[in-house]
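**Q** have a look; sequence and predicted model below, questions after that.
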2 protein chains.
Amino acid sequence: MPTLKRIAISVGDLNGVGFEIALRAHNDIKQYVHPLYCISRSMATQAASLLKQALPEDFECHEISGGFTIQPGIVDAQSGRYSYASFIAAITLAKSGVVDAITTLPIHKEAWMKAGIKYVGHTDALRDLFECDAIMMLGCEKLYVPLYTEHIPLRDVASHIQTDPLVSFFLQLYQTTKHEPIAVLGLNPHAGDHGVLGDEERFIEAAIKQTNAQIGKEVFVGPIVPDIAFTPRFRERYTMIAAMYHDQGLAPLKALYFDEGINVSLGLPIIRTSVDHGTAFDIAYKGIASVQSYINAINASLRFVSLQDY
Amino acid sequence: MPTLKRIAISVGDLNGVGFEIALRAHNDIKQYVHPLYCISRSMATQAASLLKQALPEDFECHEISGGFTIQPGIVDAQSGRYSYASFIAAITLAKSGVVDAITTLPIHKEAWMKAGIKYVGHTDALRDLFECDAIMMLGCEKLYVPLYTEHIPLRDVASHIQTDPLVSFFLQLYQTTKHEPIAVLGLNPHAGDHGVLGDEERFIEAAIKQTNAQIGKEVFVGPIVPDIAFTPRFRERYTMIAAMYHDQGLAPLKALYFDEGINVSLGLPIIRTSVDHGTAFDIAYKGIASVQSYINAINASLRFVSLQDY
């Protein structure tokens, strides 16, 4: 039997749904990965007892200091601090090669703020900690949506559509995913309708040509008319659709596959995947949170690890 | 038995799928509307014979001159001219009160161009012929998406987000649909995240407040975070979601309900609905075109007629 890949799991905000998802999915994911949970055994036992469960023997914990009393659904500095420590531990394990990848469970932004942590979220922290840019990609096996621009005002999007940075984005995307073909959306309605409704498509078209020439095959296809790119006919042909901006890609993606979605950071020195939902404080420790996004995130970690092995 | 509402149907480009859709759906729609087809009896007979069918006795035709030989799948000036004449006849019947509404089947832009017709499509023609603005709304009973801006470059969208024109749009939308509640999307990712990712949401918020105050109830709700507005949880609450721009609304709508979608022009002196697909020349007269969008368009005509009756 081959050795399973090791994945460090940061448990997220312990007042939220993260831990119960990890616990419920444990017997499933241990079939194909070796999970290492970034939480102290005593905190894990406390969380499990709130769910009226015993901690499985093989629930391997990586000790995190700073125990506290879990209060389901409460925004709390201690819980925020612990979730950050869990996240940093997971990163450290990945950097040092103890694990092959990390999967993060949701933290609470306000809890981080209360704990005096300067980042607004995981991606923000990762970029700063690694001092490098990363591609944010959301989705599931049926459909991945990498974003060319992300958290910028809509009015600033058009000026970012330039050939050279698009080529860099496309190359990094192909190098990190090895996916093909990749559909690329236009920027404007009807992809500009031959320039009548905007002409940024000429930069996208030029970048696609240059990138494909560099790669030596027709990996990138487009620019595709944005409002028909997510219809069944296109989804049959493309399981990766690169969007020029946040809502162009994520509104249709979440309309179709909300519960299954995960978040991947591409281009970091480590592989990191995440669930695509929040702490869901309102249903914490009620045993009803869906494990689908988490299981998909674990599987995606595995997939991106295997890409790096080549 | 109450008198059925009369709907004039423009048959679209006779070299495309329009006529076979009308013919196949005839026995269905005549149960609840009185259809009047804008086509000569001889052309209808020719089209039916291509489908190896006889024209039903009760297939009531409104004579259009300019007969020609139908060539399935061919872009042709004569066919373009005939589709325009059919469309104009339908409008004329509605303006004079002979019918209560019109439903249009797809025309071919290039065929109109070849025929020397100056409009690029139905909506363009309607605005010019009636010299008034109209709201373009797409969707189906499960989800309607009216558009605040439509066929403009993405780079120009943000500057259109201003309180006064938004109030006019909201008021016209409510007056013509009587729908409530109506969700309104923000412009920016995360609806601006309190101004960090763009601040046009303040105009949208002000316009919603002013409109609701004028109407006297909380009809409009928002600004909603665009990328979660089309997830199942929101779709349960809102069956009408107003979008600030073309792809923001239409990409998720078409991802979800492509085959069922229709197009409505709101705010014209006449009621006009349309299928939300093209001439589909590649499958014309093969008997496989879907009638769903057409049946939904007929039903929507009926619905908007009944709103005007109050």
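**A** That came through, no problem.
**Q** run the chain-centre distance for stretch A:257-264.
**A** Relative to the chain's own centre, stretch A:257-264 is displaced by 8 Å; criterion: Cα atoms, centre = their mean, to the nearest Å.
**Q** end to end, how far does that stretch reach?
**A** Using Cα to Cα, to the nearest Å, the end-to-end distance of stretch A:257-264 comes out at 15 Å.
**Q** just stretch A:51-68 next, same as before
**A** Distance between the boundary residues of stretch A:51-68 (Cα to Cα) amounts to 17 Å.
**Q** which residues of chain A lie near chain B?
**A** A:150-159, A:187-190, A:192-193, A:197-200, A:226-232, A:245-248, A:250-256, A:258 (Cβ under 8 Å from any Cβ of the partner chain). C-beta here means a position set from N, CA and C on the backbone, and glycine is covered the same way.
**Q** which single residue of the stretch 1-150 of chain A ends up nearest chain B?
**A** A:Glu150 (7.2 Å; Cβ to the nearest Cβ).
**Q** would that residue count as being in a helix?
**A** No. A:Glu150 is assigned coil when assessed by DSSP: H, G, I helix; E, B strand; the rest coil, not a helix.
**Q** tell me which residues touch it, please.
**A** A:136, A:245-246, B:189 (Cβ atoms under 8 Å, 6 or more residues apart in numbering or on different chains).
**Q** would you list the buried entries among those residues?
**A** The neighbour count (16 or more other Cβ atoms under 10 Å in any protein chain shown) marks A:136, A:245-246, B:189 as buried among these.
**Q** okay if I get those residues as TSV plus distance to A:Arg272, pLDDT and secondary structure?
**A** What follows is the buried ones among the contacts of A:Glu150, written out as TSV (distance: Cβ to Cβ, whole Å; pLDDT from 0 to 100; DSSP: H, G, I helix; E, B strand; the rest coil):
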residue	distance to A:Arg272	pLDDT	secondary structure
A:Met136	11	92	strand
A:Tyr245	23	98	coil
A:His246	19	96	helix
B:Pro189	21	93	helix
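**Q** please enumerate the helices of chain A.
**A** Taking DSSP state H, the helices of chain A run over residues A:18-29, A:41-50, A:77-95, A:109-114, A:122-130, A:157-160, A:163-177, A:201-215, A:232-237, A:246-257, A:292-308.
**Q** was I right to think A:Leu253 contacts A:Pro146?
**A** No. A:Leu253 is beyond contact range of A:Pro146, at 10.8 Å (criterion: Cβ atoms under 8 Å).
**Q** who has more neighbours, the two?
**A** When A:Leu253 and A:Pro146 are compared for neighbours, A:Leu253 comes out ahead with 28 against 25, by other Cβ atoms under 10 Å in any protein chain shown.
**Q** A:Lys223 contacts A:Asp193, doesn't it?
**A** No, residue A:223 isn't Lys; it's Pro. No. Using Cβ under 8 Å, A:Pro223 is not in contact with A:Asp193, being 11.6 Å away.
**Q** the two - which one has more neighbours?
**A** Shown here are A:Pro223 and A:Asp193; by other Cβ under 10 Å, A:Pro223 has more neighbours (26 against 15).
**Q** the most centrally placed residue in chain A: what's it in contact with?
**A** Centroid-nearest residue in chain A: A:Asn263, 1.7 Å away (criterion: Cα atoms, centre = their mean). Going by Cβ under 8 Å, 6+ apart, A:Asn263 touches A:123, A:136-138, A:273-276, A:297.
**Q** equivalent analysis for A:His108, please.
**A** When contacts are counted by Cβ under 8 Å, 6+ apart, A:His108 is found next to A:13, A:15-16, A:75, A:79-80, A:83, A:278-279, A:281.
**Q** with distance to B:Leu51, pLDDT and neighbour count as new columns, can these be given to me in JSON lines?
**A** Converted to JSON lines, the contacts of A:His108 look like this (distance: Cβ to Cβ, whole Å; pLDDT from 0 to 100; neighbours: other Cβ atoms under 10 Å in any protein chain shown):
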{"residue": "A:Asp13", "distance to B:Leu51": "63", "pLDDT": "97", "neighbour count": "30"}
{"residue": "A:Asn15", "distance to B:Leu51": "65", "pLDDT": "97", "neighbour count": "28"}
{"residue": "A:Gly16", "distance to B:Leu51": "60", "pLDDT": "97", "neighbour count": "32"}
{"residue": "A:Val75", "distance to B:Leu51": "65", "pLDDT": "93", "neighbour count": "19"}
{"residue": "A:Ser79", "distance to B:Leu51": "68", "pLDDT": "97", "neighbour count": "27"}
{"residue": "A:Gly80", "distance to B:Leu51": "68", "pLDDT": "96", "neighbour count": "24"}
{"residue": "A:Ser83", "distance to B:Leu51": "65", "pLDDT": "97", "neighbour count": "31"}
{"residue": "A:Gly278", "distance to B:Leu51": "54", "pLDDT": "87", "neighbour count": "15"}
{"residue": "A:Thr279", "distance to B:Leu51": "58", "pLDDT": "92", "neighbour count": "26"}
{"residue": "A:Phe281", "distance to B:Leu51": "60", "pLDDT": "93", "neighbour count": "17"}
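**Q** closest to A:Glu60 among those residues?
**A** A:Ser83 (19.1 Å; Cβ to Cβ).
**Q** OK, contacts around the closest one?
**A** A:10-14, A:18, A:107-108, A:111-112.
**Q** shaky segments in chain A?
**A** Residue ranges of chain A with pLDDT under 70: A:1-2, A:309-310.
**Q** domain parsing for it?
**A** A:1-134+A:265-310, A:143-259 (automatic domain parsing).
**Q** before we move on, the earlier item: can you tell me which of the contacts of A:Ser83 are in strands?
**A** Judged by DSSP state E, the subset of those located in strands is A:Ser10.
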